[in-house]
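Trainee: next come a sequence and a model predicted from it.
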Amino acid sequence: MTIRCRPATRRGILSTVSSVYDPLGLLSPFILKAKQLLQELCKSMYGWDHVIPQEFAKAWQRWVNELNMLHDFQVPRCMKPENFDPVETAELHHFCDASESGYGTVSYLRLSNHQGQIHICFIFGKARVAPLKQMTIPRLELTAATLAVKVDRMLKKELHLPLSDLTFWTDSTSVLKYIHNQTKRFHTFVSNRIAIIHDLSHTSQWRYVSSKVNPADDAARGLYVESFLRSKWLTGPEYLNREKRTWLKHTEGLKEIPANDPEVRKEITAVPKLGSDRPRGPEGSAGIKVRRRALAPPPGEGKKTEKGDRKPETLGDQTKRKQRTKGD
């Protein structure tokens, strides 16, 4: 891998990162480190051609040096190893995770044959930086889950394999509760993404995985080369090589969402007051202010005083009454 020397500016860094051709996302955790550096420069409002300060320059130079270390990096191209008997089952397993600085997903193909042999193959990975607008971790985790189902839709179109099963793994119990929920109503951000997840997957396909063995954690935080070469990013978690009955299950409380969850819409219920036919407001009426006005006396009648006596007609009142009579 040959990297052209470019100036240590935002423009030069972006040009270098974009020149790394990695359509399958094999190096996604490592490339994420450079993308996070670009985001920090963007937050600091550095110009496109301004030389970056020393603190950022050291991190950038380290990334470039480690990129040259991947000159001999190789992965097997064939998804099925040699001398592997005819495939009995083929499954896709998608892992997703998020952190304050990024989120991502990684997918593996799990093959098994009649002899009980199991082979795990890396298929696709994607890592993205977190949005500049600060978001809560549950929302980022839900965004990663939405990315996972979209990747699944793409892979099913491209692989042309008879898949026997699909499984989505996340270490966020909040996301699992949102997905399994059938009663609560959420705010727009969550409800839109839950709708996509329900449309592209089934709730029974979602399972819990511990954060310690979740390979998508590498796509959420990023890795330098030394850690990347030792990670489980390309091989997947070890438990996928074992029989399914040995996999841990976590199903307790997945349908119970706390009442104080900030993503749940508040429900407002109007309760009528006891002893009244309809709810009454603060004005003593049914919550509606009614303006009362006195009716005008019939034509020909004088105005009454407070004591109930008729007030004598004036000359003007008599003239108006005569005109009204002629008009009739």
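Mentor: Right, received. Where do you want to start?
Trainee: lowest-scoring secondary structure element of this structure by mean pLDDT?
Mentor: helix 315-327 (a mean of 69; mean pLDDT, DSSP states H and E).
Trainee: so what's Leu234 closest to, chain neighbours aside?
Mentor: Among residues not flanking Leu234 along the chain, Phe122 sits closest, at 4.9 Å (CB to CB, 6 or more residues apart in numbering). C-beta here means a position set from N, CA and C on the backbone, and glycine is covered the same way.
Trainee: and what about the one you found, helix, strand or coil?
Mentor: Recorded secondary structure, Phe122: strand (DSSP: H, G, I helix; E, B strand; the rest coil).
Trainee: for it, what are its contacts?
Mentor: Residues near Phe122 by CB atoms under 8 Å, 6 or more residues apart in numbering: Leu24, Leu26, Val75, Val106, Ser107, Tyr108, Trp233, Leu234, Thr235, Gly236.
Trainee: now do the strands in the stretch 101-250 of the chain.
Mentor: Ranges of strands within the stretch 101-250 of the chain are 102-113, 118-129, 165-170, 206-208, based on DSSP state E, counting those that start in this stretch.
Trainee: okay, those, which one's buried deepest?
Mentor: strand 102-113 (a mean of 24; mean count of other CB atoms under 10 Å).
Trainee: that one pairs with which strands, parallel or anti?
Mentor: Applying DSSP bridges to the sheet, strand 102-113 is found paired with strand 87-98 (antiparallel), strand 118-129 (antiparallel).
Trainee: so which of the strands of the stretch 101-250 of the chain gets nearest Ile31?
Mentor: Ile31 lies closest to strand 118-129 among these, at 7.1 Å (CB to CB).
Trainee: ok, and what's touching stretch 111-120?
Mentor: Here stretch 111-120 has contacts from 79-81, 84-90, 108-110, 121, 235-236, 240-242, using CB under 8 Å, 6+ apart.
Trainee: what's the distance between it and the middle of its chain?
Mentor: Put simply, stretch 111-120 sits 35 Å off its chain's centre (CA atoms, centre = their mean, to the nearest Å).
Trainee: now that stretch - C-alpha only, CSV.
Mentor: The C-alpha coordinates for stretch 111-120 follow below in CSV (Å, rounded to 0.1, in the frame of the first residue of the first chain):
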residue,chain,number,x,y,z
LEU,A,111,-21.4,-22.3,7.6
SER,A,112,-22.0,-25.9,8.9
ASN,A,113,-21.8,-29.3,7.3
HIS,A,114,-23.1,-32.8,8.0
GLN,A,115,-20.0,-33.7,10.0
GLY,A,116,-20.7,-30.9,12.5
GLN,A,117,-17.9,-28.7,11.3
ILE,A,118,-18.5,-24.9,11.6
HIS,A,119,-16.7,-22.2,9.8
ILE,A,120,-17.1,-18.4,10.4
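Trainee: still on that earlier bit, quick one: closest of the strands of the stretch 101-250 of the chain to Asp217.
Mentor: Using CB to CB, the nearest of these to Asp217 is strand 102-113, at 9.0 Å.
Trainee: what's the average pLDDT for the closest one?
Mentor: Strand 102-113 shows a mean pLDDT of 95.
Trainee: again with stretch 190-208
Mentor: The average pLDDT within stretch 190-208 is 94.
Trainee: nearest to Glu263, of the strands of the stretch 101-250 of the chain?
Mentor: Taking CB to CB, strand 165-170 is the member of these nearest to Glu263, at 16.0 Å.
Trainee: so what's Val75 up against?
Mentor: Neighbouring residues of Val75 by CB under 8 Å, 6+ apart: Leu26, Phe122, Leu234.
Trainee: beta partners of Ile118?
Mentor: Counting by DSSP bridges, Ile118 is bridged to Ser112.
Trainee: tell me how far it lies from Ser112.
Mentor: Separation of Ile118 from Ser112 (CB to CB, to the nearest Å): 5 Å.
Trainee: likewise for Glu256?
Mentor: From Glu256 to Ser112 the distance is 35 Å (CB to CB).
Trainee: and what of Ser15?
Mentor: Computed as CB to CB, the Ser15 to Ser112 distance reads 44 Å.
Trainee: ditto for Trp169
Mentor: For Trp169, the distance to Ser112 equals 18 Å [CB to CB].
Trainee: with Pro7 instead?
Mentor: 52 Å.
Trainee: one more: Lys177?
Mentor: According to CB to CB, Lys177 and Ser112 sit 31 Å apart.
Trainee: dump the residue contacts of the residue most central in space within the chain.
Mentor: Most central in the chain under CA atoms, centre = their mean is Thr143, positioned 2.9 Å from the mean C-alpha point. By CB under 8 Å, 6+ apart, the residues touching Thr143 are Ala98, Tyr103, Met135, Arg193.
Trainee: run the last query once more with 7 Å
Mentor: Going by CB atoms under 7 Å, 6 or more residues apart in numbering, Thr143 touches Ala98, Tyr103, Arg193.
Trainee: and which of the residues you listed is nearest Ala59?
Mentor: Using CB to CB, the contacts of Thr143 come closest to Ala59 at Tyr103, 20.9 Å.
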